[in-house]
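Chemist: predicted model, plus sequence, below.
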Amino acid sequence: MSYSRFSDDNWKSDVYAYESDQGFELHIASVRRVGDIPELPSILDVGTEEFVEAYRAHMTAVSAAERVPINGPHDGKSFTFGTLQELFYCLTQLQADGYHVPDFAFEAIKEEMNEEPTQ
């Protein structure tokens, strides 16, 4: 399960966070896309043809978007954490350092931490 991907928040996310067999993985981007990337409509809200057309325009914009260095202190780094709490803390620090971490990543991790049995 992933908590955040680079493509989240319309390609604004600077983090890719997910659970693996080794623990909770975190990869931090070293560049970010800038420019106008059109939002994708939900396929449930539009017909298939309109969605396919919007998807093509979206991916063309993603491919053409300029990539600029983030210039943060953790660019390009990867981490493996043993607990969700450690991942949450690191994401909080990354956000404070200016990296874009989608809000729903924090929400998903909080929800999952609340579901875990206490030891």
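Modeler: It's in.
Chemist: so the residue lying closest to Ile37 once chain neighbours are set aside, which of the three states?
Modeler: Counting by CB to CB, 6 or more residues apart in numbering, Ile37 lies nearest to Ala61, which is 4.5 Å off, once chain neighbours are set aside. Where C-beta positions appear, they are placed from N, C-alpha and C, glycine not excepted. Here Ala61 is recorded as helix under DSSP: H, G, I helix; E, B strand; the rest coil.
Chemist: start the count at 20, not 1, going forward
Modeler: Let's use 20 as the start, then, which means that last one is Ala80.
Chemist: Ala80 is in contact with Val53, isn't it?
Modeler: No: using CB atoms under 8 Å as the test, Ala80 is too far from Val53 to be in contact (11.4 Å).
Chemist: what about Leu45? Give its phi and psi, please.
Modeler: phi -140, psi 130 (degrees, to the nearest 10).
Chemist: re the thing from before, which one of Ala80 and Val53 is surrounded by more residues?
Modeler: In this view Ala80 and Val53 are compared by other CB atoms under 10 Å, and Ala80 has more residues nearby, 16 against 12.
Chemist: residues touching the more buried one, list them.
Modeler: 54-57 (CB atoms under 8 Å, 6 or more residues apart in numbering).
Chemist: which element is Leu106 on?
Modeler: helix 103-115 (DSSP states H and E).
Chemist: could you say what helices and strands that helix packs with?
Modeler: Judged by 3 or more CB pairs under 8 Å, 6 or more residues apart in numbering; DSSP states H and E, helix 103-115 is in contact with strand 34-39, strand 42-47, strand 97-100, helix 122-134.
Chemist: and the first one, how far out from the chain's middle?
Modeler: Going by CA atoms, centre = their mean, to the nearest Å, the spacing between the C-alpha centre of strand 34-39 and its chain's C-alpha centre is 9 Å.
Chemist: which positions within that strand qualify as buried?
Modeler: Residues of strand 34-39 classed as buried: 34-36 (neighbour count, 16 or more other CB atoms under 10 Å).
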